[in-house]
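A.B. asks: have a look at this prediction, sequence included:
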Amino acid sequence: MDIDTTQPWGLAIDFAGRATITEAGHTIYVNVSDSSYNSIIAPDSISGTYAPVTVAAQFTEWGANGAAIRGSARTTIMPIGTAMVVPDQTAIQTVVAAALANFAENTAIYTALAAKWTPQDDGSGDGDGSGDTGSTAEPSTTPA
């Protein structure tokens, strides 16, 4: 992901802290938000510090039969002392890369799990509708 050096967070985000980008063929949703409950950016009345900022990236890819694999990542940027959080132009780039890595890990896990399950072939699926019990799957007894 290329960082836009003209933007404080390295990417143009809307008024609600959202952005959508395409990276490595995936549409990734990015969100930059503080963790306060107040709509006004101000120090906490008790601690005197500003709220941390969370940068998140997530996406989902859909496959056959409603299968879904997700990629997501999140980081929190803490304020230093009583100052506001300073925008980090590399934060979005880092969470997007981490979300893509998480997607690759989840894909490998899903592939390994799917390889352990094989359809049971008992001859009942002859296509005439009589005695067909539908699709069944049994766990493979072969060691992985």
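C.D. replies: Happy to help now that I have it.
A.B. asks: and the strands in the chain?
C.D. replies: For the chain, the strands defined by DSSP state E occupy 18-23, 26-34, 53-62, 68-77, 117-119, 137-139.
A.B. asks: other SSEs contacting the first one?
C.D. replies: So that's strand 18-23. strand 26-34, helix 91-116 (3 or more C-beta pairs under 8 Å, 6 or more residues apart in numbering; DSSP states H and E). To be clear about C-beta, it is placed using only N, CA and C from the backbone, and glycine gets the same treatment.
A.B. asks: list the buried ones in it?
C.D. replies: A19, I21, E23 (16 or more other C-beta atoms under 10 Å).
A.B. asks: thinking again about what came up before, okay if I get the helices and strands packed on strand 18-23 as TSV plus mean neighbour count and distance to T49?
C.D. replies: Converted to TSV, the helices and strands packed on strand 18-23 look like this (neighbours: other C-beta atoms under 10 Å; distance: least, C-beta to C-beta, whole Å):
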stretch	mean neighbour count	distance to T49
strand 26-34	18	11
helix 91-116	16	19
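A.B. asks: from A64, how far out is Q120?
C.D. replies: 19 Å (C-beta to C-beta, to the nearest Å).
A.B. asks: ugh, typo on my part, it should be T27
C.D. replies: 19 Å.
A.B. asks: report the distance from stretch 55-64 to the chain centre.
C.D. replies: Distance, stretch centre to chain centre, for stretch 55-64: 5 Å (C-alpha atoms, centre = their mean, to the nearest Å).
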